[in-house]
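> coordinates for the following, if possible.
(2 chains)
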Amino acid sequence: GENVEQHPSTLSVQEGDSAVIKCTYSDSASNYFPWYKQELGKGPQLIIDIRSNVGEKKDQRIAVTLNKTAKHFSLHITETQPEDSAVYFCAASKGSNYQLIWGAGTKLIIKP
Amino acid sequence: DTAVSQTPKYLVTQMGNDKSIKCEQNLGHDTMYWYKQDSKKFLKIMFSYNNKELIINETVPNRFSPKSPDKAHLNLHINSLELGDSAVYFCASSQESLNNEKLFFGSGTQLSVL
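Numbers count the residues shown, from 1 in each chain, chains lettered A, B, ... in the order given. Have a look, this model is predicted:
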């Protein structure tokens, strides 16, 4: 079955710098890759997603890149701000009728 | 207007007790889920219901029994609570349709078994 690995488990960056979180997946049939942000005391919230027919997607300061050949995808956050501090999860699935397989999460700490 | 609401937010109880967590969504979604998040933040799906029918039942002790009275509600009943059940439990919902896999999560129920 699908396996999703996420690195690093903790990432500390200076405010204003960029942050990159990487995930690898094992099932080449996976075609949907969302990223969720979980703030303290709240449930995860979808921030961006990408499908396998696209190599990159941007939404303001966040972007996701996908390398299907290498089976990895990454979340990029530019100009980090204190409110970016949270736990970020990547996930993968083979589509809407299939279960999401989750990464283990990355705790992102933005240092003032 | 909370989209996915679960109660209670905190639940502290003794080992061996039976407890329930309630979840309701007002998004009109047809699929609801229960997830367990352990102390290391790992998210593990427990159950998934589509239109009141069970479609995913991961390896979860049968002390955990989900109940879906209608497609807007998915409650979780836990019998004979154990120390290892301590975790944060999240309810979520989604609308099953092509290219629409977005999950909406509740704010979680922190269960502490003493």
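
> got a list of contacts for the helix or strand of chain B with the lowest mean pLDDT?
The weakest-scoring helix or strand in chain B, judged by mean pLDDT, DSSP states H and E, is strand B:53-57 (a mean of 81). With contacts defined as C-beta atoms under 8 Å, 6 or more residues apart in numbering or on different chains, strand B:53-57 is touched by A:99, B:31, B:33, B:45-49, B:66, B:68. To be clear about C-beta, it is placed using only N, CA and C from the backbone, and glycine gets the same treatment.

> count of neighbours near the closest residue to residue A:8 other than its chain neighbours?
Distances taken as C-beta to C-beta, 6 or more residues apart in numbering or on different chains put residue A:106 closest to residue A:8, at 6.1 Å, once the chain neighbours are dropped. Neighbourhood size, residue A:106 [other C-beta atoms under 10 Å in any protein chain shown]: 23.

> give me the nearest residue to residue 84, chain neighbours excluded.
You didn't say which chain, so I picked chain A. That would be residue A:110: by C-beta to C-beta, 6+ apart, it lies 5.4 Å from residue A:84.

> to clarify, I was referring to chain B.
Using C-beta to C-beta, 6+ apart, the closest residue to residue B:84 is residue B:113 (7.9 Å).

> was I right to think the one you found contacts residue B:18?
No - assessed by C-beta atoms under 8 Å, residue B:113 is found out of contact with residue B:18, at 11.6 Å.

> any shared contact partners between those two?
residue B:81.

> closest residue of chain A to chain B?
residue A:43 (3.0 Å; C-beta to the nearest C-beta).

> got the residues of chain B near chain A?
B:4, B:40-45, B:48, B:56, B:90, B:92, B:96-103, B:105-108 (C-beta under 8 Å from any C-beta of the partner chain).

> run the last query once more with 6 Å
By the rule C-beta under 6 Å from any C-beta of the partner chain, the part of chain B lying against chain A is B:41-43, B:90, B:101-102, B:105-108.

> out of those residues, which sit inside strands?
Among those, the members falling in strands (DSSP state E) are B:43, B:90, B:105.
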